[in-house]
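>>> Pasted the sequence and its predicted model underneath.
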Amino acid sequence: MTYCVGMRLDRGLIFMADTRTNAGIDNISTAKKLHTWEIPGDRVITLMTAGNLATTQSVVSLLDERAKAPVDRKPSILEAPSMFQIAREVGQTLREVIQANAMTGETADATFSATIVLGGQIKGSPPRLFLIYPEGNFIEASDDNPFFQIGETKYGKPILVRAYDPAMQFEAALKLLMVSFDSTIKSNLSVGLPLDYMTYDTDAFELGHVGRIAVDNAYYDAVSSGWGEALRAAFDHLPEFSFDD
């Protein structure tokens, strides 16, 4: 399992993904889940994956190969005229990989299942964010649904729902995501550091801030301990319960 979040802001898009992958409690390793493509001045594409690692790596490899040598399938993700068309291509590729490995052949087998968050911008259109399902279909983020989570989502969602603000700057959004990921990491062993992140400014058409939060990151440790202390302080300030009431 993993945990990834893609978020729309007034300023642009922000993404964060953990890197833990496991095939049992005695076989835990690290794998990159956040992938980017760009043509400076024309487009930036970001993709995050959750689910079967063999499936997701095959999808990313196929998209890469078709972008570099688009012979039998056009347009590639670097040539498609819209993010919608890229979402269709990614969805079809995901379904193709799942069906190629599934025992049933024609239906998505849960063993090989995966979900994808796709975001980016192509010149002439606004930034867009999509959630792509194993069946290949997808939905798009909106003002009513401004962020997508995939993987182990339930532990980190409450903080996002309560504190998200589309007007926040990337620095505040990154802090919010760290709190969401910290809550998830403390609740589920299948999610863990390092964390990869990437920001994208609207109409920049180039990658923004790209980085990795390592296990020994001092700021992350400060956020983690500070959030725990703040929760305890908030709990202590709540009205006391009385059975007499």
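Ah, there it is.
>>> Measure how buried the residue nearest to residue 167 when sequence neighbours are not counted is and give me the count.
Spatial nearest neighbour of residue 167, excluding adjacent residues (CB to CB, 6 or more residues apart in numbering): residue 10 at 5.4 Å. Just so you know, the C-beta spots here come from the backbone N, C-alpha and C atoms, and that holds for glycine as well. If you count neighbours by other CB atoms under 10 Å, residue 10 ends up with 10.
>>> and residue 10, what are its phi and psi?
When read as degrees, to the nearest 10, the backbone of residue 10 gives phi -60, psi -30.
>>> any idea how far residue 19 is from it?
With the distance defined as CB to CB, to the nearest Å, residue 10 ends up 29 Å from residue 19.
>>> go on, residue 162?
With distances taken as CB to CB, residue 162 is found 26 Å from residue 19.
>>> same question, residue 215
Taken as CB to CB, the span from residue 215 to residue 19 is 11 Å.
>>> likewise residue 129?
According to CB to CB, residue 129 and residue 19 sit 21 Å apart.
>>> Next: residue 203.
The spacing between residue 203 and residue 19, counted by CB to CB, is 30 Å.
>>> the more surrounded of these two?
Neighbours were tallied for residue 203 and for residue 19 using other CB under 10 Å; the higher tally belongs to residue 19 (19 against 10).
>>> number of nearby residues for the closest residue to that one other than its chain neighbours?
For residue 19, ignoring the flanking residues on the chain, the nearest one in space by CB to CB, 6+ apart is residue 30 at 4.6 Å. Neighbours of residue 30 under the rule other CB under 10 Å: 12.
>>> Determine how far the last residue of stretch 141-156 lies from the first.
Separation of the first and last residues of stretch 141-156 by CA to CA, to the nearest Å is 18 Å.
>>> Now do it: everything it contacts.
Residues from elsewhere that reach stretch 141-156, judged by CB atoms under 8 Å, 6 or more residues apart in numbering: 1-8, 18, 48-51, 115-117, 128-131, 139, 157, 160, 164, 166, 180-181, 183-184, 186-188, 190-191.
>>> One more pass at 7 Å, please.
Stretch 141-156 is contacted by residues 1-8, 48, 50, 115, 117, 129, 131, 157, 160, 164, 166, 180-181, 183-184, 187-188, 190-191 when judged by CB atoms under 7 Å, 6 or more residues apart in numbering.
>>> Buried ones from these, can you make that a ChimeraX selection?
Listed next is the ChimeraX selection for buried residues among these, using 16 or more other CB atoms under 10 Å:
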select :1,2,3,4,5,6,7,8,48,50,115,117,129,131,160,164,180,181,183,184,188,190,191
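>>> circling back to that earlier point, next, the contact list for the residue nearest to residue 19, please.
The contact partners of residue 30, taken as CB under 7 Å, 6+ apart, are 19-20, 194.
>>> ok, now residue 128?
By CB under 7 Å, 6+ apart, residue 128 lies in contact with 83, 119, 140.
>>> Most neighbours among those, which one?
Neighbour counts for the contacts of residue 128, by other CB under 10 Å, peak at residue 119, which reaches 29 neighbours.
>>> Wait, a strand at it?
Yes: counting by DSSP: H, G, I helix; E, B strand; the rest coil, residue 119 is located in a strand.
>>> From residue 144, how far out is it?
Here residue 119 is placed at a distance of 17 Å from residue 144 (CB to CB).
>>> just residue 240 next, same as before
Computed as CB to CB, the residue 240 to residue 144 distance reads 38 Å.
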